[in-house]
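Asker: everything below, folded, please.
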Amino acid sequence: MLYYLFEFIEKNYQMPGASLFSFLSFRSALAILFSLSINAFYGRKIISLLKFYQMGERVRDLGLDGQKEKQGTPTMGGLIIILGTLFPVLLLTKFDNIYIILLILTTLWMGFIGFVDDFIKVKKRDKSGLKGRFKLIGQILLGIIVGFVMFFHPDITIKEKSLENNTYKTEIKSTKTTIPLLKNNEFDYNYLIAWTTKKSINYTWLIFIPIVVFIISAVSNGANLTDGIDGLAAGVSSVCVLTLGIFAWISGNIIFSDYLNVMYIPNVSEVVVFVSAFVGSLVGFLWYNSYPAEVFMGDTGSLTVGGIIAVLALIVRKELLIPVLCGVFFIESLSVLIQVGWFKYTRKKYGFGRRVFLMAPIHHHFQKQGYHESKIVVRFWILSIILAIICLVTLKIR
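Answerer: Numbering: from 1, shown residues only. Just a heads-up that it's a prediction; the model follows:
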């Protein structure tokens, strides 16, 4: 909105300073400041409203230290993250950018699913919330939409460099993505079905869209499982999103993408403004969510955060780095799968179930071992930073 307003003013009235809004760095900096300011001024009011409408968390007794004190803490704090992200994005981004449209859609879509889930938990006093199959259907539908748009939309392209004259070709549609240690760090999903027919490129969407669905479902559920102790999901997600923002900035800059031999993606740099607003909103939320938490993000926040991270990774074509970049999400999800799978297997074989961990997800295992949740959270943050650095290093691994 402001971008178009100041573009009009600059074009027609040449007002000094109006051209600043044409600079990505200026709008990104403003996005961070706006999101932090919104959360600082309105975060407290939203928490008060959640308390007024009795949107308090109903905590199950899991035998964890400090658990009873969390009873009644407002949930649905993801609304703070969503509002703190969308307002700066609507003010400062270009609305005609397909990547921004996809990210806004993801924010609203996953936010709605999470809100319904939290509402059922709190108001209907049903701890299970929205039935799992309905959440999964929502994630699948979003994945189909995102995958369809990314495959068929004419503005979602890449530019490849010609080996003959070292210049960039025209923009092309492609299902190429980034993966370390392969030639040029690239992998084309078309390779998976290239053996079936000479015209396999026309049918690549049949495998690309299910992959997108899986990634969105896996990451959003991973973020949901990670949101179990104060500040964990928000802090870890901030690191993941910031890293993807760096990838977006490099991939959208023809000079830096050429220097680092990274896939050049036209128009993707606009995503940096969204990332700036999102990171600012996560940090602003962390102000209230750090131990002892004044508000929980709930599924309203965790599903939204996970969905955005997944779509961001797909947009910048770094989705195959997710197991490393989102390593904390991966570990948390894996611990649950191992725990449930081993319990069912041993119960069937021996007549009684055995557990690998004291409790899953794994952050509860560490709590059971006597670690304070603040120490667990900070150590997981450190692990996320290390994993993010590893992902950035892959830019130069050939």
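Asker: neighbours of K11, how many?
Answerer: Neighbour count of K11, defined by other CB atoms under 10 Å: 10. The C-beta positions use only the backbone N, C-alpha and C, and glycine is treated the same way.
Asker: where does this protein have its least confident helix or strand?
Answerer: helix 2-13 (a mean of 77; mean pLDDT, DSSP states H and E).
Asker: what's that one packed up against?
Answerer: Where contact means 3 or more CB pairs under 8 Å, 6 or more residues apart in numbering; DSSP states H and E, helix 2-13 is packed against helix 78-92.
Asker: okay, F366 and L232: tell me how far apart.
Answerer: 11 Å (CB to CB, to the nearest Å).
Asker: okay, those two: which has more neighbours?
Answerer: Using other CB under 10 Å as the criterion, F366 and L232 rank with L232 on top: 24 against 20.
Asker: doesn't F380 make contact with that one?
Answerer: Yes. Here L232 reaches F380: they are 5.9 Å apart, a contact under CB atoms under 8 Å.
Asker: overlap in contacts, these two.
Answerer: Residues touching both L232 and F380 by CB atoms under 8 Å, 6 or more residues apart in numbering: H363.
Asker: find residues that contact each of F366 and L232.
Answerer: By CB under 8 Å, 6+ apart, the residues touching both F366 and L232 are I376.
Asker: just to revisit the earlier point, so the least confident helix or strand of the chain versus helix 78-92, what angle?
Answerer: 20 degrees (axes from the mean of the first three to the mean of the last three CA atoms, to 10 degrees).
Asker: now find how far off-centre the top helix by length along the chain is within its chain.
Answerer: Secondary structure assigned by DSSP state H gives helix 24-52 as the longest helix of the chain. Centroid displacement of helix 24-52 relative to its chain, using CA atoms, centre = their mean, to the nearest Å, is 18 Å.
Asker: so which bits of it are buried?
Answerer: 24, 27-28, 30-32, 34-36, 38-39, 42-43, 46-47, 50 (16 or more other CB atoms under 10 Å).
Asker: tell me what that helix is packed against?
Answerer: When contacts are defined as 3+ CB pairs under 8 Å, 6+ apart, helix 24-52 packs onto helix 78-92, helix 271-289.
Asker: quick check: the spatially most central residue of the chain vs Y189, distance?
Answerer: The chain has I309 as the residue nearest its centroid, 1.7 Å off, counting by CA atoms, centre = their mean. Distance, I309 to Y189, by CB to CB: 20 Å.
Asker: over to P210?
Answerer: 10 Å.
Asker: pull stretch 267-280 out as PDB, backbone CA atoms only.
Answerer: Output in PDB follows, covering the C-alpha atoms of stretch 267-280 (Å, rounded to 0.1, in the frame of the first residue of the first chain):
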ATOM      1  CA  ASN A 267      11.200 -11.400  -8.200                       C
ATOM      2  CA  VAL A 268      11.800 -13.700  -5.200                       C
ATOM      3  CA  SER A 269      13.700 -10.900  -3.400                       C
ATOM      4  CA  GLU A 270      10.300  -9.300  -2.500                       C
ATOM      5  CA  VAL A 271       9.900 -12.200   0.000                       C
ATOM      6  CA  VAL A 272      12.600 -10.600   2.100                       C
ATOM      7  CA  VAL A 273      10.100  -7.900   3.200                       C
ATOM      8  CA  PHE A 274       7.700 -10.600   4.300                       C
ATOM      9  CA  VAL A 275      10.500 -12.500   6.100                       C
ATOM     10  CA  SER A 276      11.500  -9.300   7.900                       C
ATOM     11  CA  ALA A 277       7.900  -8.700   9.100                       C
ATOM     12  CA  PHE A 278       7.600 -12.300  10.200                       C
ATOM     13  CA  VAL A 279      10.900 -12.400  12.100                       C
ATOM     14  CA  GLY A 280      10.000  -9.100  13.800                       C
END
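Asker: and the average pLDDT for that stretch is what?
Answerer: Here stretch 267-280 scores 97 as its mean pLDDT.
Asker: who touches it?
Answerer: 24, 27-29, 31-36, 39, 81, 84-86, 88-89, 92-94, 97-100, 103, 155, 238, 241-242, 244-245, 248-249, 251-253, 308, 312, 315-316.
Asker: let's go with 7 Å and repeat that
Answerer: Outside of stretch 267-280, the residues within contact range by CB atoms under 7 Å, 6 or more residues apart in numbering are 24, 27-28, 31-32, 34-36, 84-85, 88-89, 92-94, 97, 99-100, 103, 155, 238, 241-242, 244-245, 248-249, 251-253, 308, 312, 315-316.
Asker: which among those residues count as buried?
Answerer: The buried subset of those - by 16+ other CB under 10 Å - is 24, 27-28, 31-32, 34-36, 84-85, 88-89, 92-93, 97, 99-100, 103, 238, 241-242, 244-245, 248-249, 251-253, 308, 312, 315-316.
Asker: need the helices for the protein, in chain order.
Answerer: Using DSSP H, helices in the chain cover 2-13, 24-52, 78-92, 98-123, 132-152, 205-226, 232-251, 254-259, 271-289, 298-315, 322-325, 327-350, 362-368, 373-393.
Asker: any idea which of these has the lowest pLDDT on average?
Answerer: helix 2-13 (a mean of 77).
Asker: buried sites along that one?
Answerer: For helix 2-13, a neighbour-count test (16+ other CB under 10 Å) marks 3, 6, 10 as buried.
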